[in-house]
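**Student:** give me a model of this one.
(one chain, ligands or ions: 1)
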Amino acid sequence: MNKEELLAKIESLRTEANGALAALDSLVSLQEFKVRFLGKKGLLTDILKSLSLLGPEERPIVGEAANRAKTEIESRLESLRKNLDQKERSRLQSQKQVDVSLPGLKLPRGFRHPLSLVEKEIESIFVNMGFSVFEGPDIESDYYNFEALNFPADHPAREMQDTFYIGPRTMDQGQRTQEKVHGPWSMVHGPLLLRTHTSPVQIRTMEKQKPPIYMICPGAVYRHDDDVTHSPMFHQVEGLMVDRHLTFGDLKGVLTLFCQTIFGKKLKTRFRPSFFPFVEPGAEVDISCVLCAGKGCRVCGGDGWLEILGAGMVHPAVLEQVKIDPKKFTGFAFGMGVERIAMLKYGIDDIRLFYQSDMRFLEQF
Ligand code: DAH
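**Tutor:** Residues are numbered from 1 along each chain as shown. Reported below is the predicted structural model:
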């Protein structure tokens, strides 16, 4: 190819490039253009390669024309790129704009567990009557769980099917192993266990505090038991009132008021004689059935009454154990199951629902 032909080729390349530039409408097509005209294997590079075929005087003339065309194309390309860039940026920005009229994201709302709800309700009823709330440990000693509560050594409640022991269960073995872990304390307090009721907190409270005592204690308790109405871990609220001149009449008054506050004014209570080692006399408290109002139904087993509390006048032997003079002070105690009350209150017939964390169940309270 000679000089004239190459110059004509450069000129037609310029025209073609200008035409193609006018049609570019995106950063992608711009890149394609760059490869086609200015790339290593592009049209202009082709022309520059042919320069070697020209003579020494012609070469600078054609070379200069080729460079001018290259600079011109590059500068137009650059301003076009800036332009497209700007357009793309404002397009993205307008997309990103927040639409304040869109509805917000709804986060799932948390709920109190039905057992917490009932426990708090029980607490607030007694706090309103002047009781204080105490807590005790879930891991107890034989002493607090049984002995100080006047359980005879051979009482069936100490048997393995009721109590979860921690480590050896006989006093003898218990003393030796626990001595290493806990020091001499365990010699007096016997084997360790998971408390089977919240009654040991009565003893812990009376050891620390002198009458008048008005206390309740909510908490978890543990027993070898597992079916539709029993769980190996469940919850109780214990109550204790010790003062001068307290009688069984006070017990009836406090517990009747409690039952009517939690289940409704129309409810009737019934106090039946019963036995618990740490009270004398002991009683079981029934309420008229919350479902049939005493007419008799499946829930109350047809007789119209539901048992919901154990109670009684604190046994003099228990008071003596904590160095409170039973001639000067009397008291009464009571204990109730939180699950049982929640099941009656909400009409739940399977205790296991409380522990399965199924949102469909939990969302209803
Ligand atoms: N601790 C008993 C139980 O778990 C319930 C109980 C009965 C507690 C009588 C008391 C009471 O304070 O006086 O079965």
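**Student:** ok, now which ones touch Leu115?
**Tutor:** Shown in contact with Leu115 (Cβ atoms under 8 Å, 6 or more residues apart in numbering): His235, Val338, Glu339, Ala342, Phe354. The way it works is simple: take the backbone N, C-alpha and C, and place the C-beta from them, glycine included.
**Student:** just the residues you listed: which are in helices?
**Tutor:** Using DSSP state H, the subset of these located in helices is Val338, Glu339, Ala342.
**Student:** centre of the chain to stretch 33-46, how far?
**Tutor:** Its chain's C-alpha centre and that of stretch 33-46 lie 65 Å apart, by Cα atoms, centre = their mean, to the nearest Å.
**Student:** give the buried residues for it.
**Tutor:** Phe33, Lys34, Phe37, Leu38, Gly42, Leu43, Leu44 (16 or more other Cβ atoms under 10 Å).
**Student:** tabulate those residues (TSV), appending pLDDT, secondary structure and distance to the ligand.
**Tutor:** Converted to TSV, the buried residues of stretch 33-46 look like this (pLDDT from 0 to 100; DSSP: H, G, I helix; E, B strand; the rest coil; distance: Cβ to the nearest ligand atom, whole Å):
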residue	pLDDT	secondary structure	distance to the ligand
Phe33	88	helix	88
Lys34	89	helix	86
Phe37	87	helix	93
Leu38	87	helix	91
Gly42	87	coil	92
Leu43	85	helix	96
Leu44	85	helix	97
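**Student:** which one of the residues you listed is nearest to Ile216?
**Tutor:** Ile216 has its nearest neighbour among the buried residues of stretch 33-46 in Lys34, at 82.9 Å by Cβ to Cβ.
**Student:** my read: the closest one touches Arg76, true?
**Tutor:** No: the criterion here is Cβ atoms under 8 Å, and Lys34 misses it with Arg76 at 11.6 Å.
**Student:** shaky segments in this structure?
**Tutor:** Along the chain, the parts satisfying pLDDT under 70 run over 157, 160-161, 169-188.
**Student:** middle-most residue in it, spatially?
**Tutor:** Gly110 (8.6 Å; Cα atoms, centre = their mean).
**Student:** ok, stretch 144-164 near the ligand or not?
**Tutor:** No: on the criterion Cβ under 6 Å from any ligand atom, stretch 144-164 is out of touch with the ligand, staying 8.1 Å away.
**Student:** that stretch: which residues count as buried?
**Tutor:** Tyr144, Asn145, Phe146, Glu147, Ala148, Leu149, Asn150, Phe151, Ala157, Arg158, Thr163, Phe164.
**Student:** and the furthest pair within these?
**Tutor:** Asn150 and Phe164 (21.6 Å).
**Student:** so which bits of the stretch 201-350 of the chain are right by the ligand?
**Tutor:** Glu238, Phe276, Val279, Gly310, Ala311, Gly312, Ala333, Phe334, Gly335.
**Student:** what's the closest of the buried residues of stretch 33-46 to Lys323?
**Tutor:** For the buried residues of stretch 33-46, the nearest to Lys323 is Lys34 (98.2 Å; Cβ to Cβ).
**Student:** distance of the residue in the stretch 51-200 of the chain that the ligand sits nearest to from Lys327?
**Tutor:** Closest contact between the stretch 51-200 of the chain and the ligand, by Cβ to the nearest ligand atom, is at His197 (3.3 Å). His197 sits 28 Å away from Lys327, going by Cβ to Cβ, to the nearest Å.
**Student:** out of those two, which sits in the busier spot?
**Tutor:** Regarding His197 and Lys327, a neighbour count based on other Cβ atoms under 10 Å identifies His197 as having more, with 23 against 7.
**Student:** check contacts around the more buried one.
**Tutor:** Asn145, Val221, Gln236, Glu238, Gly335.
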